[in-house]
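Q: need a 3D model of the following:
(2 chains)
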Amino acid sequence: MSLITYRQALHDTLRAEMLRDENVFLMGEEIGVFEGSYKITAGLLAEFGEKRVRDTPIAEEGFAGAAIGAAMLGLRPVVEMMTINFSMLALDQIVNHAAKIYGMFGGQARVPMVIRTPGGGGQQLGATHSQNIELYYSFVPGMKVVAPSTPADAKALLLAAIRDDDPVLFLENLALYNTKGEVPDDDTPAEIGRAAITRSGTDLTLIGYSRMANVASGVAAELADSDGLDIEVVDLRSLRPLDRDTIISSVRKTHAAVVLEDDWLTYGIGAEVAASISDGAFDDLDAPVRRVAMAEVPMPYAKPLETAALPSKDDVVGAIRQTLAAVGRRTAGV
Amino acid sequence: MIEIKMPRLSDTMTEGAISTWRKRPGDTITLGEPLVEIETDKAVMEYEAYQAGTLAQILVPEGQTAGIGAPIALIDDGTGTPAPAASASASSAPSAQPAASAPPADKSDKTDISSERIEAPAPPPASSPVAAAPQAGTPAPRRPASPLVRKLAREHHLDLSGVTGSGPGGRIIRADIAPLLADAPAPPPPSGPPPPGPESALGQPLAGPNAHLARSGDDPRAPRAVPVGQVRRVIARRMAESAREIPVFYVTAVADAEELMALRAQLNEKLTAAGRAKVSVNDMLVRACALALREHPDVNVSYGGDDSDSMLVHDRVNIGVAVAAESGLIVPVINDADTKTVSRIGEEARHLVTLANERKLTPAQTSGGTFTISNLGMYGVEEFTAIINPPEAAILAVGATAREPTVAGDEIVPRYRMRYTLSSDHRVIDGALAARFLQTLTALIESPWMILA
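A: A predicted model of the protein is given here:
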C-alpha cells in the first residue's frame, strides 16, 4: 500500500505493464519527448525507447487506426488521446472499426487496445476542450468504457483494460490527476463491468463515476457529519458494461436515488442509470430518481460562468435534500 | 380544449366504468351525439356530448373505471386553450400544486432536472387535500402513492384510503404507512407451503379485499378467480354497509291468503276476457304495502346516520321491487304505488323487469325508493329475512303462498297462507310500530278488495 496520486498510479501501472509484457506499447501526441501533456508518461521514453513509446503526428484518426491494426496483429497498444475532445477526430476508427471488427468478421481478430484520455471541465479550456463525451463510446456495443475515480481504481482498471482483449476507452479526468489515495502494491486487475459501493448506507443511493464519484463520497461524508445522514455511494467505475445489478440492489435497500454526471443531462448516462433503476427497482422507489448534471450549454470560458455551469457540491446536496424530503426525511435547508 | 368528466349517472354511483367509446380520437362530435357508454352500479348508459368539437384524447380507456368528476376525455373545441389539467388526478384536488405547472425556475437549465418539479413552494404536505377520505357521491381523486408504498400495500394488504400522503403533491410515501405496516401481518414467504390455519387457507392472510383472488396453485379448494362486475361490487358494498350500520330487527306475520288468491283468480279471469294483462300476487302486495305505509308514515322514513338529529319522513310512497336480474340483484322503483291501480303496478313492474334484464334501467328508475319488497315466493321459500336497502328503513321479505292445514273452529281445513318478515331499522322504527304496520298489511291481504280500493 502506498499513498500516491492518480497521476502517479497511472504512470506506475503503465510502466509495470510495459515491463511485464513486451507487446504493450504507447502511442500519442507528445507522450515521449514532452513526457505527455499531463506527464503520465514521464520518463517512459527514456526507459523503453522509441519503439515502445511513440510520439505521433497531430492526427488522431491516423494513429488510432494504426493502433487498431497493431492490436489486430497481436500487440497491445495503449493510445493516449490528449483529451477526450480530440477523440472525436478518431470517432470513425473507434466506433466503426475498433468496436466492430471482432463481431463483424466472425471473431477472426480481436482488438486489444486501450485509449487513455482525460475528460472534464473546470480548467478554463473553453467549450471544445472541456467535455466528457464518454457517452459517445458508452453507447456503442463492442466497446468497453471504464472511468476510475481513485488512484487505486486507476491502477486496477488500467491493469484490467490493458489485459482485456477488447477495445477499452479509459476515461481519466483533469481534476483527478492530483488527487491522492492508497494504492495496493499487488497487480490485481479490477473486473470491468463491476461497480463499487464505496460507502454503505441506508437513506439514499448516490451514484456517480469519475470526478462525480469523488464528489459523491465527499458529500456523503459531510452530510453524515452535519445531518447524520446515512448515504450509500455507488461508484459506477465501468460505464459499459454497466453494473445494473449493483445499482438496483442498492436502490432496493435505500428506496431513493440521486444520479450524478459531469456532462449534460439530456440523453445522458444519468438517464440510462435512472431507466435501469426504473426497470429493476420500480417497486422499491419511494421517490422519483433525481439527476444532477451540467448546465445544458457549451462550457463557458469565463471562470464564474464555468463554475456555475458545472455541477457543484451544493447542487448535489440540494438534490439529496429534496429527494429525502420527498420520502419524508426533512433535513436542514429544505 | 374541453374536459369531459365522469358524469354522475345515478345517486349511488361513485365511479363508472367505460363500457364503449362511441367515438375515436379525431372524430367530429356534434351536440347531443352519443359519445360513450358508461357502466354504472346500475346500468350501462349512453352519455351524450354536451359540447361540439373533435375528440382529442381518450383519457380512460374501455374497461377502466374513473371516479365521478375525473376527466375521461378531451374535446378540442377549436379555442386552442389547453385543458385545465389533463391529468387523472386533477379531478378534485383543489390547486394542490400551484408551482407544478409554473414555468421552470431560472436555475432549471442546471441540475435537479428531475422527473418532477415540485420543489417550488408546495403546500404543507400535512394539509394535503388528498388526505380526506373520499365519500360516497364525491369524486374520488387518484391518490398518488410511491411504487414502494404500492408494493408494500399489496404485500401486506394495506388499505391506503385513509392514509394522508405527505410526499410532494400529496404522494403517499413509505413514512406515511409506517403505522399501518407495524400493525399489518407479515407478508407470506415467497415460496414454501402455506402455514396451517383457517385464516391462511390460500397461503396468505385473508385480510385484503382481493386476498381470495390471489394465488391458488397450492389451494386444496382449487379456486379460480372470477372478476366481479360493477353491479356485484355495488351490491357487496351496499349490503355490507347495511348489515354493518343498521341495527335491524325482524317481525314475522302470517296472513290467510285464501281471499287474496280467490280475488286474484276472479280478477285475472275477467282481465283475460277483456284482453288485458293479468295481475300477480306481488303486484297486489306492492299496492298493499303502499297503502299500509300511507297508514303508517313513520315506517316510510330514512335515518341519516349516527347521531343524526333528524330523520326524513317521505311524503311519497315509492316501492322498490327486488329483481333477480341476470347481472345480479337490482331494485327498480314503482313511484307513488299508493295512487296506482294494481293493473298499472303490474304493467310497470313487468316493464321494469324487462329493462333490468337488458341492463337498461335508468338511474331515475332505480332511485328514490322509500320501501322495498323482496319476494322469493316463486322459489317455494316459506319465509326468510332480507337486508335493508339503505337509506330506506324497512324491507319486507315475502315467502310463498301455499295451502296449509289451519284450525277453523274445531276443524282442520286447508287454507292458502302467506308468511312475510319485516326487517326494520331500529334506530327509527320500534317493535310495536313494525307490528302495527304488519297488522295493517295482514288485514289488507285478508280483505283483499281493500287493496283495490
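
Q: can you list contacts of stretch B:319-330?
A: The set of residues external to stretch B:319-330 that reach it, using CB atoms under 8 Å, 6 or more residues apart in numbering or on different chains, is B:42, B:229, B:231-232, B:235, B:282, B:286, B:289-290, B:331-334, B:337, B:349, B:352-353, B:356-357, B:359, B:361, B:366, B:369-375, B:386, B:389, B:392. (Each C-beta comes from the backbone N, C-alpha and C, glycine too.)

Q: so which strand or helix has the nearest residue to residue A:289 once chain neighbours are set aside?
A: Leaving aside its sequence neighbours, residue A:289 sits nearest to residue A:274 (CB to CB, 6 or more residues apart in numbering or on different chains; 4.3 Å). Counting by DSSP states H and E, the secondary-structure element that holds residue A:274 is helix A:269-281.

Q: can you give the distance of whichever helix or strand comes after that helix from its chain's centre?
A: Proceeding C-terminally, helix A:269-281 gives way to strand A:290-294 as the next helix or strand, assigned by DSSP H and E. Taking the mean of its C-alpha atoms, strand A:290-294 sits 17 Å from the chain's own mean (CA atoms, centre = their mean, to the nearest Å).

Q: any part of strand A:290-294 near chain B?
A: Yes - counting by CB under 8 Å from any CB of the partner chain, contacts between strand A:290-294 and chain B involve A:290, A:291, A:292, A:293, A:294.

Q: if we can go back for a sec, now do the buried residues in the helix holding residue A:274.
A: A:269, A:270, A:271, A:272, A:273, A:274, A:276, A:277, A:278, A:280, A:281 (16 or more other CB atoms under 10 Å in any protein chain shown).

Q: got JSON lines for these, with distance to residue B:312 too?
A: Putting these into JSON lines (distance: CB to CB, whole Å) gives the following:
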{"residue": "A:269", "distance to residue B:312": "66"}
{"residue": "A:270", "distance to residue B:312": "62"}
{"residue": "A:271", "distance to residue B:312": "60"}
{"residue": "A:272", "distance to residue B:312": "63"}
{"residue": "A:273", "distance to residue B:312": "61"}
{"residue": "A:274", "distance to residue B:312": "57"}
{"residue": "A:276", "distance to residue B:312": "60"}
{"residue": "A:277", "distance to residue B:312": "56"}
{"residue": "A:278", "distance to residue B:312": "53"}
{"residue": "A:280", "distance to residue B:312": "57"}
{"residue": "A:281", "distance to residue B:312": "54"}
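
Q: and the pLDDT at whichever residue of chain B sits closest to chain A?
A: Among the residues of chain B, residue B:175 lies closest to chain A, at 3.1 Å counting by CB to the nearest CB. Confidence at residue B:175, expressed as pLDDT, is 86.

Q: check contacts around it.
A: Applying CB under 8 Å, 6+ apart as the definition, the contact partners of residue B:175 turn out to be A:327, A:328, A:329, B:166.

Q: take those residues and keep only those in strands.
A: Judged by DSSP state E, strands contain none of those.

Q: from these, which is closest to residue A:221?
A: residue A:329 (18.0 Å; CB to CB).
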